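[1] have a look at this prediction, sequence included:
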Number of protein chains: 2
Amino acid sequence: MKAILVNDDKSLRWDEVPNPILSEDDVLIKVEYAALNRADLMQREGDYPPPEGCPEWMGLEVSGEIVEMSDGAKNKSGYKIGDKVCALLGGGGYAEYVSVKYDMCMPVPKNCTMAEAAAIPEAFATAYLKLFVEGHAKAGDTLLMQAGASGLASVVIPMAKAFGLRVITTVISDPEKIKHLGADLVVDTRVQNLPSVLKEEEAAGRGIDIAIDCLGGPNLGECLPYVKYGCRWIVIAALAGERTTIDLKNIYKKNIRIIGSTLRSRSPEMKAEILSNLVKEVWEKVANGEIKPTVYKVLPITEAEEAQDILYRGENIGKVVLKVS
Amino acid sequence: MKAILVNDDKSLRWDEVPNPILSEDDVLIKVEYAALNRADLMQREGDYPPPEGCPEWMGLEVSGEIVEMSDGAKNKSGYKIGDKVCALLGGGGYAEYVSVKYDMCMPVPKNCTMAEAAAIPEAFATAYLKLFVEGHAKAGDTLLMQAGASGLASVVIPMAKAFGLRVITTVISDPEKIKHLGADLVVDTRVQNLPSVLKEEEAAGRGIDIAIDCLGGPNLGECLPYVKYGCRWIVIAALAGERTTIDLKNIYKKNIRIIGSTLRSRSPEMKAEILSNLVKEVWEKVANGEIKPTVYKVLPITEAEEAQDILYRGENIGKVVLKVS
């Protein structure tokens, strides 16, 4: 089969690789769409190796059709050959076929296209992990979601709203572009200072309970004085800078937690539990349109490099998806 | 009755105050000994107000005799008038009497003096909270316990050893002084650089799983590159400096958590659960001498100021205790 490989000069090529081998409990998916994630760019740079036992090629999520099943999957999964699924992968999605444990698959939600379905697993599972597993989100909480135009925010914000949270988000482009996501307050950090905004919010009794932060940078430390007691500040990347200075008094006096949390590194059991919770608690909200995967652009798999450039440029609002078959 | 009050110039006086009133489920304790905590100093400076409903005077733990009981305490506690107990308080321990919910009391462990018993509740409950509730400590984990000569360390280190952890600790005085606590590695930070030591340890496959840190300061950020994946770094104070610069890459790549955690602010239910677990899991290790409260000095309550000076000077190894009656 073919997959996207990284050349020595970091350019990409669509080339022959060995077919996947089915392990115990695996299903083989004929990939229709593979969605892009920022982790793919880090992996391409050599900065984020795939977990052991995963293919070397990139790709954390796909949609497609089950074309082969291990005995374990046949007996335990409830799926059958020909079922359309989306799946969360340790890697290997930029390919014609991928094999994956059946409990990493989810049925395609009602009213979703296959391109949209590919854009679901990583972002939805990540959103669920941050909001509910790490963030202990409950109705009435205030969430700060950094980078409101990101793929993750396009899921987190509607998910948080659907579960009754108040949402503050940030943009560095026209706030109107993300109006459809339904955030309560959009801070344009080109013209507004986030710590100052949070200071005002806190003074008005609306300090933040949860932050989901892919930016980091000096702002992280500067915002801490204005978060609520017990705030969970979840760090998933540091696109605005890796160093931040924090005043530890905020941490120990307000029982704040700074939490490093990546989905990819979680145990298979926890991932399976998150996916199962998504289907149980969130699928109906996807089916009725309350939460919608946002696909920014679909490109053919042979244009993976151009597709990743969109992420490098930070141009996309929502997910970029590759059409494989 | 009498209690220690703070004058306008921050000096202390032993003066008349109203007698405590018993609320539902309270017992009245005739205080024999009250132990000192660093939080007392912060409260004296006006920097750490007692929780609502607590007396204004300092004191987080006492030992003494139950001399009066509410109906709730009579019916539910299993205690009776005349029982010797030690108790965890929201405040008010520097006094002749204190009233407290019965589930904040613990029986005095076998083979403990009343002076030792006063030194137990705060340090043991804090140690249990940090190690097991926040730290998820298990046999084989490596613990970094900052300030090995502190009152808390005198409990945490033997408790961690009794439960099978490996312990690294730090001192700024003769390492021999804390030899009896049983730490595996004592780092004298007058002559050794902690981040360098942790770097070597990590290179030898002994990275730390849990840190309990009352020092903070620049060292915190400098140590993070050398902790293990999933490390819980628990911040309880910042005696070495309130500002630290952290490289967020450590946080999100290694799923590190920086956790602000104070016992005093926990819900009454969680405190009661911790005390109950202490009696169930730890009391036998106290009775058989595996874990021992370390009393550095006992002074009369009228010398509370001199007693606190010992803490200000950082002179004590173990707890300073006031004799009230």
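    Looks like it came in fine.

[2] centroid-nearest residue for chain A?
    Geometric centre of chain A, nearest residue: A:Ala123, 2.6 Å, by Cα atoms, centre = their mean.

[3] grab the nearest non-local neighbour of that residue.
    A:Val155 (4.4 Å; Cβ to Cβ, 6 or more residues apart in numbering or on different chains). For glycine as for every other residue, the C-beta is placed from the backbone atoms N, C-alpha and C.

[4] so what's the residue of the stretch 51-200 of chain A found nearest chain B up against?
    Nearest residue of the stretch 51-200 of chain A to chain B, counting by Cβ to the nearest Cβ: A:Glu134, 9.3 Å away. A:Glu134 makes contact with A:232, A:234, A:259, A:261 under the criterion Cβ atoms under 8 Å, 6 or more residues apart in numbering or on different chains.

[5] now do the contacts for the first one.
    So that's A:Arg232. Counting by Cβ under 8 Å, 6+ apart, A:Arg232 touches A:134-136, A:209-211, A:256-257, A:259.

[6] strands - which of these land there?
    A:209-211, A:257, A:259 (DSSP state E).

[7] those residues into a markdown table, with extra columns for neighbour count, distance to chain B and pLDDT?
    Shown next, in a markdown table, are those (neighbours: other Cβ atoms under 10 Å in any protein chain shown; distance: Cβ to the nearest Cβ, whole Å; pLDDT from 0 to 100):
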| residue | neighbour count | distance to chain B | pLDDT |
| --- | --- | --- | --- |
| A:Asp209 | 22 | 14 | 98 |
| A:Ile210 | 27 | 14 | 98 |
| A:Ala211 | 27 | 13 | 98 |
| A:Arg257 | 22 | 5 | 97 |
| A:Ile259 | 24 | 5 | 97 |
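
[8] can I assume A:Leu299 is in contact with A:Leu322?
    Yes: look at A:Leu299 against A:Leu322 with Cβ atoms under 8 Å: they come within range, at 6.0 Å.

[9] these two: who's more crowded?
    Neighbour tally, A:Leu299 and A:Leu322, criterion other Cβ atoms under 10 Å in any protein chain shown: the higher count belongs to A:Leu322, 26 against 17.

[10] surely that one and A:Lys297 touch.
    No: at 9.8 Å, A:Leu322 does not count as touching A:Lys297 under the criterion of Cβ under 8 Å.

[11] overlap in contacts, these two.
    The contact sets of A:Leu322 and A:Lys297 overlap at A:Ala307 (Cβ under 8 Å, 6+ apart).

[12] among the contacts of A:Glu134, name the ones in strands.
    Those of the contacts of A:Glu134 lying in strands (DSSP E): A:232, A:234, A:259.

[13] pLDDT score assigned to the second one?
    Note on A:Ile234: pLDDT of 97.

[14] what's it in contact with, if anything?
    A:130, A:134-135, A:210-213, A:259, A:261.

[15] tally of neighbours for A:Glu315?
    13.

[16] for it, pull up the helix or strand it's in.
    For A:Glu315, there is no host helix or strand (DSSP states H and E).

[17] and it, how far from chain B?
    For A:Glu315, the distance to chain B equals 23 Å [Cβ to the nearest Cβ, to the nearest Å].

[18] before we move on, the earlier item: need the contacts of A:Arg232 in a markdown table (columns: distance to B:Glu273).
    Below are those laid out as a markdown table (distance: Cβ to Cβ, whole Å):
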| residue | distance to B:Glu273 |
| --- | --- |
| A:Glu134 | 23 |
| A:Gly135 | 23 |
| A:His136 | 18 |
| A:Asp209 | 23 |
| A:Ile210 | 25 |
| A:Ala211 | 29 |
| A:Ile256 | 22 |
| A:Arg257 | 20 |
| A:Ile259 | 23 |
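
[19] quick check, nearest of those residues to B:Ala183?
    B:Ala183 has its nearest neighbour among the contacts of A:Arg232 in A:Arg257, at 27.0 Å by Cβ to Cβ.

[20] touching, the closest one and A:Trp233? I think so.
    Yes: using Cβ under 8 Å, A:Arg257 and A:Trp233 qualify as a contacting pair, with a distance of 6.8 Å.

[21] what is the neighbour count of A:Gln192?
    By other Cβ under 10 Å, the burial measure for A:Gln192, its neighbour count, is 12.

[22] and it, backbone torsions?
    phi -120, psi 150 (degrees, to the nearest 10).

[23] go on, A:Leu311?
    phi -70, psi -40.

[24] now do A:Val320
    Dihedral angles (degrees, to the nearest 10) for A:Val320: phi -100, psi 130.

[25] surely it is in contact with A:Glu306?
    No: assessed by Cβ under 8 Å, A:Val320 is found out of contact with A:Glu306, at 9.6 Å.

[26] anything in contact with each of these two?
    By Cβ under 8 Å, 6+ apart, the residues touching both A:Val320 and A:Glu306 are A:Leu299.

[27] and the two? which has more neighbours close in?
    It is A:Val320, of A:Val320 and A:Glu306, that has more neighbours when counted by other Cβ under 10 Å, with 24 against 13.

[28] how about the nearest residue to that one, chain neighbours excluded?
    In space, A:Val320 is closest to A:Leu36, 4.5 Å off (Cβ to Cβ, 6+ apart).

[29] count of residues packed around that neighbour?
    Using other Cβ under 10 Å, A:Leu36 has 30 neighbouring residues.

[30] which helix is the longest one in chain A?
    What stands out as the longest helix in chain A, according to DSSP state H, is helix A:151-162.

[31] which other residues reach that one?
    Residues outside helix A:151-162 that contact it (Cβ under 8 Å, 6+ apart): A:37-38, A:119, A:123-124, A:126-128, A:130-131, A:137, A:143, A:145-148, A:167, A:169, A:178, A:181-183, A:212, A:214, A:236, A:282, A:285, A:290-294, A:296, A:316-320.

[32] same question, stretch A:306-322
    A:12, A:33-36, A:38, A:40-41, A:44, A:94, A:115, A:118-119, A:123, A:149, A:151, A:154, A:177-178, A:293-301, A:303-304.

[33] buried ones among the residues you listed?
    Those of the contacts of stretch A:306-322 that meet the buried threshold are A:12, A:33-36, A:38, A:40-41, A:44, A:94, A:115, A:118-119, A:123, A:149, A:151, A:154, A:178, A:293-299, A:301, A:304, by 16 or more other Cβ atoms under 10 Å in any protein chain shown.

[34] in helices, which of those fall?
    A:38, A:40-41, A:44, A:115, A:118, A:123, A:151, A:154, A:304.

[35] adding distance to B:Ala162 and pLDDT, write those residues out as JSON lines.
    Output for these, formatted as JSON lines (distance: Cβ to Cβ, whole Å; pLDDT from 0 to 100):
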{"residue": "A:Arg38", "distance to B:Ala162": "45", "pLDDT": "87"}
{"residue": "A:Asp40", "distance to B:Ala162": "47", "pLDDT": "95"}
{"residue": "A:Leu41", "distance to B:Ala162": "48", "pLDDT": "95"}
{"residue": "A:Arg44", "distance to B:Ala162": "49", "pLDDT": "95"}
{"residue": "A:Ala115", "distance to B:Ala162": "58", "pLDDT": "97"}
{"residue": "A:Ala118", "distance to B:Ala162": "52", "pLDDT": "97"}
{"residue": "A:Ala123", "distance to B:Ala162": "45", "pLDDT": "89"}
{"residue": "A:Gly151", "distance to B:Ala162": "48", "pLDDT": "80"}
{"residue": "A:Ser154", "distance to B:Ala162": "50", "pLDDT": "87"}
{"residue": "A:Ala304", "distance to B:Ala162": "56", "pLDDT": "98"}
